[in-house]
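Asks: 3D, please:
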Amino acid sequence: MVNQGTFFDEITTSGDVEIKSGLCNLCKGTRRLCGKPRCPLMLKFYAHKFAAPDIKSKDIAGCSPPAVFVGRFGYPKVEVGPLLPNIMGDTTILDKPELWGGKSMYDIASMRFQLVRGKYRIDAKDFEKSGKIVDNVQELALTEKPVEVETLFSRKPTGRVILDDSIQPFGPSGVMEKLTIGTGRFERNLEKSFYDTDLRSSEAVINSYNNGTLVSEIEKAFSVGTMGVKKNRRFVPTRWSITAVDDVISKNQMTDIRFNETIDEFRLYQWKELDNWWSILMLPTTWRFEVIEAWYPKTTWNPSPNEMIVSHDHEFFEGRTAYADNITGGYYAARLGVTEFLKGIGRSAGVIVMREIHPGYDIPLGVWNVRENVRAALKTVPYKSETLEGLWPQINVFMDLKKERWLHSSELLRDYLVQRRIEDFY
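Replies: Residues are numbered from 1 along each chain as shown. Prediction:
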């Protein structure tokens, strides 16, 4: 765990913030652990001159991908609404992270900044009294393809673009007075869950996923109270819904893979994207899982000019009983990608996801980056060895951090090297 002591000094001559202990890496701009009313790092991100749409009217019409957003501040009194660009046509790619492979960080950010957020305040736990706008937001989240949306704002949408460690970026926002959506077809699995008011939300998530609905689509439906037993339905902040869906799906897959036969050898999958370097190590053991992140100086959540921040979270066969406080949402996103792969090959394994975040990754884009790049890494041809030692040379060649640092940071590797196993006696 990172040190949570004194964490930064403000250098008044330059306005920069120097991180001394890695508390910003733990906070990631969401918990206000520094006591500041606004995150100093987020202010630095917003200093970039990102291109946002030039909004000239209170009335905006465009094709939503479809996309919605549920805020978290003031919960359960939260602001909900659509995300829409001021353009017509096929806008699918604006809200489908599954399609973003190979795009640059700034291409993704610029693409997302086209989306304008409409805001309408509701009670997340008692939303049925909130009128037609809420009904339209729910319908939009269930719709399969881009649909025409028209919004009337109380004034022209303004404000900075939104950057966050958990959610995808989006552009200016404004309070809505009216929302109208065109006719669109619901995604079939999400439609079933919507009308089945006796089905638990976790079962609705799993059923939709197992029948081919994209994770990003399930997250939207989950966030707007369209899943679960009728009396328990509520709107869920987008940030929370993303991690909840990743957690529910990966836990369900863990149930399937825990008692599978283990893989026969040590495997190593490697991948680079968005200046994130990945090495995914698989051990021929029963289920266990760990994510280790190494944030280089001057990256998104480590603005220190020279200090490396390394953090990790892990679980053994029984799984976690507490939230992954160090890696946060990225832990569950990575676990989904890994359990998805192991279930697909019908095997179990111990898995260590080693991630280096290099200086080219200097604005937050959301945890989709973790999920999709773990998936991409596991589609590559792995290096294989009969021993763990046989893979360290390739890890040392590919990654900046070397064997000793990974060993020092890993609970799973320490356990594997210390614990005696049945095969040791033969």
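Asks: now stretch 277-291: how far from the chain's centre is it?
Replies: 19 Å (Cα atoms, centre = their mean, to the nearest Å).
Asks: Now do that stretch: distance from first to last residue.
Replies: 13 Å (Cα to Cα, to the nearest Å).
Asks: so for that stretch, what's the average pLDDT?
Replies: The average pLDDT within stretch 277-291 is 97.
Asks: do stretch 140-151 as well
Replies: 97.
Asks: and what of stretch 313-331?
Replies: 94.
Asks: same question, stretch 345-364
Replies: On average, stretch 345-364 scores 93.
Asks: Show me where the protein has its strands.
Replies: Along the chain, the segments classed as strands by DSSP state E run 8-10, 17-19, 59-64, 68-70, 77-84, 116-123, 147-153, 173-181, 266-273, 276-283, 288-295, 309-315, 350-357, 383-385.
Asks: can you tell which of those strands is closest to residue 194?
Replies: The closest of these to residue 194 is strand 68-70. By Cβ to Cβ, the value is 14.1 Å. From N, CA and C alone the C-beta is placed, and that goes for glycine too.
Asks: Confirm for me that residue 364 is in contact with residue 300.
Replies: Yes - taking contacts as Cβ atoms under 8 Å, residue 364 lies within contact range of residue 300: 5.1 Å.
Asks: who's more crowded, those two?
Replies: Ranked by neighbour count (other Cβ atoms under 10 Å), residue 364 and residue 300 place residue 364 first, with 24 against 21.
Asks: circling back: with distance to residue 226 added, can I get the strands of the chain in JSON lines?
Replies: Below are the strands of the chain laid out as JSON lines (distance: least, Cβ to Cβ, whole Å):
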{"stretch": "strand 8-10", "distance to residue 226": "42"}
{"stretch": "strand 17-19", "distance to residue 226": "41"}
{"stretch": "strand 59-64", "distance to residue 226": "16"}
{"stretch": "strand 68-70", "distance to residue 226": "11"}
{"stretch": "strand 77-84", "distance to residue 226": "13"}
{"stretch": "strand 116-123", "distance to residue 226": "14"}
{"stretch": "strand 147-153", "distance to residue 226": "16"}
{"stretch": "strand 173-181", "distance to residue 226": "15"}
{"stretch": "strand 266-273", "distance to residue 226": "32"}
{"stretch": "strand 276-283", "distance to residue 226": "33"}
{"stretch": "strand 288-295", "distance to residue 226": "30"}
{"stretch": "strand 309-315", "distance to residue 226": "30"}
{"stretch": "strand 350-357", "distance to residue 226": "32"}
{"stretch": "strand 383-385", "distance to residue 226": "44"}
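Asks: Kindly reformat those as JSON lines containing mean neighbour count and distance to residue 410.
Replies: Listed next are those as JSON lines, based on neighbours: other Cβ atoms under 10 Å; distance: least, Cβ to Cβ, whole Å:
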{"stretch": "strand 8-10", "mean neighbour count": "14", "distance to residue 410": "28"}
{"stretch": "strand 17-19", "mean neighbour count": "19", "distance to residue 410": "23"}
{"stretch": "strand 59-64", "mean neighbour count": "20", "distance to residue 410": "43"}
{"stretch": "strand 68-70", "mean neighbour count": "26", "distance to residue 410": "36"}
{"stretch": "strand 77-84", "mean neighbour count": "25", "distance to residue 410": "39"}
{"stretch": "strand 116-123", "mean neighbour count": "21", "distance to residue 410": "40"}
{"stretch": "strand 147-153", "mean neighbour count": "20", "distance to residue 410": "47"}
{"stretch": "strand 173-181", "mean neighbour count": "19", "distance to residue 410": "41"}
{"stretch": "strand 266-273", "mean neighbour count": "20", "distance to residue 410": "14"}
{"stretch": "strand 276-283", "mean neighbour count": "23", "distance to residue 410": "9"}
{"stretch": "strand 288-295", "mean neighbour count": "25", "distance to residue 410": "6"}
{"stretch": "strand 309-315", "mean neighbour count": "21", "distance to residue 410": "7"}
{"stretch": "strand 350-357", "mean neighbour count": "24", "distance to residue 410": "6"}
{"stretch": "strand 383-385", "mean neighbour count": "16", "distance to residue 410": "17"}
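Asks: Those: which one's closest to residue 324?
Replies: Within those, the stretch nearest residue 324 is strand 309-315; the backing value is 3.9 Å (Cβ to Cβ).
Asks: Which other helices and strands does the closest one contact?
Replies: helix 23-27, strand 288-295, helix 403-409, helix 411-418 (3 or more Cβ pairs under 8 Å, 6 or more residues apart in numbering; DSSP states H and E).
Asks: which of these is buried the deepest?
Replies: strand 288-295 (a mean of 25; mean count of other Cβ atoms under 10 Å).
Asks: what's the longest helix seen in the chain packed up against?
Replies: Taking DSSP state H as the criterion, the chain has its longest helix at helix 238-257. Helix 238-257 sits against strand 68-70, helix 201-210, helix 215-223, helix 329-345, with contacts defined as 3+ Cβ pairs under 8 Å, 6+ apart.
Asks: Any buried residues in the second one, and which?
Replies: Just to be clear, that refers to helix 201-210. 201-209 (16 or more other Cβ atoms under 10 Å).
Asks: Make CSV from the residues you listed and add distance to residue 385 and pLDDT to it.
Replies: As requested, the buried residues of helix 201-210 are exported to CSV (distance: Cβ to Cβ, whole Å; pLDDT from 0 to 100):
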residue, distance to residue 385, pLDDT
201, 42, 97
202, 38, 97
203, 40, 98
204, 42, 98
205, 37, 98
206, 35, 98
207, 39, 98
208, 38, 98
209, 33, 98
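Asks: And the most centrally placed residue in the chain, how close does it get to residue 244?
Replies: Nearest to the mean C-alpha position of the chain, counting by Cα atoms, centre = their mean, stands residue 367 at 2.2 Å. According to Cβ to Cβ, to the nearest Å, residue 367 and residue 244 sit 12 Å apart.
Asks: list the contacts for residue 147?
Replies: 63-64, 66, 140, 181-184 (Cβ atoms under 8 Å, 6 or more residues apart in numbering).
Asks: Compare the helices and strands packed on strand 309-315 and give me the one nearest residue 81.
Replies: Going by Cβ to Cβ, the one of the helices and strands packed on strand 309-315 nearest residue 81 is helix 23-27, 26.9 Å.
Asks: returning to what we had before: among the strands of the chain, which is nearest residue 102?
Replies: strand 266-273 (7.9 Å).
Asks: could you give the angle of the closest one to helix 329-345?
Replies: Strand 266-273 runs at 130 degrees relative to helix 329-345, counting by axes from the mean of the first three to the mean of the last three Cα atoms, to 10 degrees.
Asks: Tell me which strands strand 266-273 pairs with, and in which orientation.
Replies: strand 276-283 (antiparallel), strand 383-385 (antiparallel) (DSSP bridges).
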